[in-house]
Every structure is written in structure tokens, then in C-alpha cells.
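Asker: Need the 3D shape of this:
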Amino acid sequence: MQHTVDSVLDQAGTGSFQRRLLGIFGLVWAADAMQVLAVGFTGASIAATFGVSVPEALQTGTLFFLGMLIGASLFGRLADRFGRRRVLLITVACDVIFGLLSVFAPSLWVLFALRFLTGIAVGGTLPVDYAMMAEFLPAKNRGRWLVMLEGFWAIGTVVVAVAAWMASIYVTSDAWRWIFAVTAVPGILGIWFRFWVPESPLYLQRRGQEAELRSTLNLVLRTNGKAQLADGDVIAQSPVVSNGGIFSPDLRRRTLSILAVWFLVSISYYGIFTWLPARLADQGFGYVRGYGFLVVVALAQIPGYALAAWGVEAIGRKPTLIAFLLLSTLGCALFLVAGDAYLTGASILLMSFALLGTWGALYAFTPELFPTALRGTGMGAAGSIARLGGLLAPSALAVVFAQDFSIAIALFAALLALGAVAAWFVDAETRKVVLS
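Answerer: Presented below is the predicted three-dimensional model:
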């Protein structure tokens with residue numbers, strides 16, 4: 001009997017194998033969220049330790065995002081060439097090593113160097129995680145599972161917010177060291193579990209490794225309690241969709257459009273969540289202040305992911321992404337017209353809810369837009385352009401935030417609305433579409 005990789009994955013369905021995969025990838029995904037968002041939660045403490053201003057301390061974030069930009073582009077390409085599994089093992093190991101060393105940084109310059117190296121590792125982990133997870137999922141519910149993976153970002157956000165809150169209460173000095181220590185814990189656990197994850201079946205097929213491909217597909221079937229492939233069964237090759245790169249004529253429009261969305265969402269998200277924690281912890285907005293409210297802001301992300309998980313399967317990736325971008329714009333607009341602390345608090349919660357739903361839809365949509373031979377490269381390019389936005393957020397936008405916080409939020413409202421326009425130009429809808 002003749003099969004395709006996708007038909008075998010459809011036969012296997014989503015069961016124990018995918019749940020294990022989700023737990024393993026999700027653990028490190030939460031750790032990466034904690035590493036990224038620690039930028040905003042540690043700025044004031046780093047400034048106090050080394051006797052510098054908060055904007056100077058936030059340059060740890062600038063260097064971290066610069067590292068992520070390099071790591072996403074570099075390791076995305078390496079994953080397409082040398083395999084997803086070995087790249088993931090290397091990047092997670094480096095993430096843990098440099099993240100832990102950051103805890104013991106004796107000077108600001110050493111901390112800058114370690115956060116840059118940690119950023120390279122985290123940048124390499126994020127795009128490859130999604131490409132690999134997508135390649136183990138059947139088409140009929142792939143979007144929902146990818147959003148579920150992105151949902152671990154919210155868990156990491158809640159944990160780092162609680163860690164910062166506890167550190168502000170119980171740690172008298174160098175609270176940032178404790179926060180960085182907490183961010184390393186999930187990665188330490190996750191690296192050992194990663195050895196259980198086999199290589200992507202689509203990658204194995206593209207490389208002509210038939211024995212390994214059959215073994216991997218049988219592992220998925222066996223773990224999910226389904227009949228394995230018979231000795232005489234043949235696995236047909238998938239058709240090659242594009243012989244060019246991600247900017248080849250048949251992919252150029254979708255690549256440019258989706259990269260524009262990544263940049264606009266990233267600069268808005270990181271702009272808000274790099275500066276918001278320090279503002280809420282210090283000045284706040286009337287009664288809306290303190291780390292306790294930041295935990296509530298983090299919790300507001302979880303229903304955003306839940307709604308995105310429903311939307312990408314029920315109405316499609318593209319319309320769900322556009323809807324959340326417009327909802328994010330509305331949250332920013334509500335902040336601008338808020339006349340009291342309660343409305344201000346509601347607008348911040350709406351921004352958190354909608355922006356993380358946007359990320360969920362974006363991460364579900366993007367890996368499906370590229371063929372297997374280019375999926376790691378495509379996700380790496382998206383990760384790089386997103387880190388460019390993150391790179392600009394703590395440094396280039398410092399002047400805007402210093403002038404007026406509301407002006408910065410107005411700028412983000414405009415950028416998110418522009419992101420909705422860019423998403424509309426993506427020339428594909430990938431709901432229930434077989435990966436090529």
C-alpha cells in the first residue's frame with residue numbers, strides 16, 4: 001500500500017505522541033518567554049546594582065534581541081540543512097548555559113555579553129520549535145495545536161511576573177539575579193526531554209533517509225496506539241512546491257506580507273511589554289500599579305490564546321490573525337481615551353489579551369506558508385524580523401516613551417492597524433491544508 005507522510009499522520013491522529021511533544025516543546029517555550037520578558041522585569045534592579053539609569057540597564061534587552069535576530073536567521077537555515085533535532089539540542093543547551101551564567105555576572109559589561117549570547121540561543125530555538133511541531137501534526141487540527149504551543153508563552157509570562165513580584169517583596173538587592181535564575185529552570189528540565197524527540201518526518205523524507213523516516217512514523221503510530229506500517233508499504237515522495245528561496249516569485253508576496261506583520265506586531269508587543277512593567281511597578285496609572293497587577297495582565301493572555309486556538313480552526317488562520325490585530329489596535333485606542341484608572345486598567349488587559357491572541361494566530365499561520373525545504377528558513381526570517389522589532393523597542397523608542405507614554409501607545413495603535421492591512425495581503429489560507 002502507498003502512503004504519504006501526511007496520510008500516516010492523519011491515521012495516527014493527535015494522541016500521546018503529540019501531547020508529549022507539546023509538553024517538551026512547551027517547557028522550553030515557557031523558558032524562552034521568561035528569558036525574553038525578563039528584560040522588562042529586571043531593568044530597574046540591574047540599574048540599581050550597577051549604578052546606571054534604567055534606559056542604560058535596558059540595553060541588556062537591546063543586546064538580547066540583537067542576539068535573537070542573529071540566532072533566528074542562522075539556526076533557521078541550519079535546521080533546513082542539517083536537521084531540526086540537532087539544532088534544537090544545541091540551541092537549548094546554549095540557552096541554559098548562558099542563561100545560568102547571567103545570574104553570576106560580576107559587571108554590567110559581562111552581563112551585556114551573556115545576554116547577547118543567550119539571545120542567540122533563544123532566537124535559534126523559537127523558529128525551529130514551530131517548524132518541527134508543525135511537521136508532526138495532521139492538517140485537520142494542526143492550527144489548534146500550534147496555538148496551544150504558543151500558549152506556553154503565557155505560562156512563562158505568568159511565572160516571570162510572579163517571580164518579579166516575589167523578588168520585589170523578599171529580595172533586598174540584586175533581584176535580577178533571582179529572576180534570571182528562575183528563567184533558567186524550565187530550560188534545564190527541557191533539555192533532557194529533548195533527547196526523546198525524533199527528527200521531523202518531512203525533513204527525513206526530503207533527505208531521502210527512508211529507514212529513519214519509517215522508524216519515526218512507526219513511533220508516532222505506536223505511541224498513539226495505531227497499527228504500524230507494514231513491511232511492504234511504500235511512502236510516496238511529496239511534490240516539490242518551490243525550487244527557489246522564500247523570495248522566489250511564487251512565494252514573494254506572502255513572504256513580504258507575513259514578514260511585515262511579524263515586524264509590526266513585534267515592535268508593538270515588545271515596545272509595550274518592555275516599558276510597561278517598569279512603569280506599573282514604579283508610577284503606575286492611578287490605582288493601576290504594582291507587580292500584582294502585572295500578574296493579572298499576564299493571566300489575561302491565556303483566554304487570548306484559547307480564542308485564537310478556536311478561531312484558526314473554525315474561521316481560518318488569516319481572518320483570525322486580522323481580527324486579533326484589529327482588537328489589539330482597539331486596546332491601544334481605548335488606553336488613549338481612558339479617563340480613569342479603571343478604564344486604563346481595562347485597556348491594558350485588552351492589549352495583553354489581544355496581542356497574545358495575535359501571536360497565537362501568527363505562529364499557527366507562518367510555518368504553513370512555506371514548503372518543508374524552506375520552512376526553517378521562513379520561520380528563521382520571521383524570527384529575525386521580529387527580533388529587529390524587539391531590538392528597536394527598548395532603545396530607539398526610549399525617546400518616545402520619555403516624551404509621553406500615550407504618544408508611544410498611539411504609535412503602536414497605528415502600527416497594529418497597518419499590520420492588519422499587511423495580513424490581508426497574504427495570498428494564502430492554510431486551514432486544513434496539507435504541508436508540502
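Asker: Residue 84 reaches residue 203, doesn't it?
Answerer: Yes. Contact criterion Cβ atoms under 8 Å: residue 84 and residue 203 qualify, at 5.9 Å. The way it works is simple: take the backbone N, C-alpha and C, and place the C-beta from them, glycine included.
Asker: Need the residues touching each of the two.
Answerer: Here residue 84 and residue 203 have residue 135 as joint contacts, going by Cβ atoms under 8 Å, 6 or more residues apart in numbering.
Asker: Just give the number of residues close to the residue nearest to residue 297 when sequence neighbours are not counted.
Answerer: The spatially closest residue to residue 297, leaving aside those adjacent along the chain, is residue 352, at 4.8 Å (Cβ to Cβ, 6 or more residues apart in numbering). Neighbourhood size, residue 352 [other Cβ atoms under 10 Å]: 27.
Asker: And the helix or strand residue 352 falls within, how far out from the chain middle?
Answerer: Using DSSP states H and E, residue 352 maps to helix 341-365. From the chain centre to the centre of helix 341-365 is a distance of 15 Å (Cα atoms, centre = their mean, to the nearest Å).
Asker: Can you list the buried residues in it?
Answerer: For helix 341-365, burial by neighbour count (16 or more other Cβ atoms under 10 Å) applies to 344-365.
Asker: Point out the other helices and strands that it packs with.
Answerer: helix 142-170, helix 252-282, helix 291-299, helix 301-314, helix 317-337 (3 or more Cβ pairs under 8 Å, 6 or more residues apart in numbering; DSSP states H and E).
Asker: between these, which one is nearest to residue 411?
Answerer: helix 252-282 (8.0 Å; Cβ to Cβ).
Asker: mean confidence for the closest one?
Answerer: Here helix 252-282 scores 83 as its mean pLDDT.
Asker: didn't residue 311 look like it was pressed against residue 323?
Answerer: Yes. With contact defined as Cβ under 8 Å, residue 311 and residue 323 form a contacting pair (7.0 Å).
Asker: more neighbours, the two?
Answerer: The residue with more neighbours, out of residue 311 and residue 323, is residue 311; 23 against 20, by other Cβ under 10 Å.
Asker: Shouldn't residue 228 be within a strand?
Answerer: No. With DSSP: H, G, I helix; E, B strand; the rest coil as the criterion, residue 228 is assigned coil and is not in a strand.
Asker: Next one: it relative to residue 194, how far apart?
Answerer: Distance check for residue 228 against residue 194: by Cβ to Cβ, to the nearest Å, it reads 24 Å.
Asker: Would you enumerate the residues in contact with the nearest residue to residue 226 once chain neighbours are set aside?
Answerer: Among residues not flanking residue 226 along the chain, residue 12 sits closest, at 5.4 Å (Cβ to Cβ, 6+ apart). Residues in contact with residue 12 (Cβ under 8 Å, 6+ apart) are 138, 217, 220, 221, 224, 226.
Asker: at 10 Å what do you get?
Answerer: 18, 136-138, 217-228 (Cβ atoms under 10 Å, 6 or more residues apart in numbering).
Asker: Stretch 419-435: which residues count as buried?
Answerer: 419, 420, 422, 423, 426, 430, 431, 434, 435.
Asker: distance between the ends of it?
Answerer: The first residue of stretch 419-435 is 25 Å away from its last residue (Cα to Cα, to the nearest Å).
Asker: Give me the distance between that stretch and the centre of its chain.
Answerer: 18 Å.
Asker: about what we covered before: spit out the residues that contact residue 311 and residue 323 alike.
Answerer: Common neighbours of residue 311 and residue 323 (Cβ under 10 Å, 6+ apart) are 357, 361.
Asker: ok, the contacts of residue 12 vs residue 235, which is closest?
Answerer: Ranked by distance to residue 235 (Cβ to Cβ), the contacts of residue 12 are led by residue 217 at 7.3 Å.
Asker: Need the nearest residue in space to the closest one, chain neighbours excluded.
Answerer: Spatial nearest neighbour of residue 217, chain neighbours left out: residue 8 (4.9 Å); criterion: Cβ to Cβ, 6+ apart.
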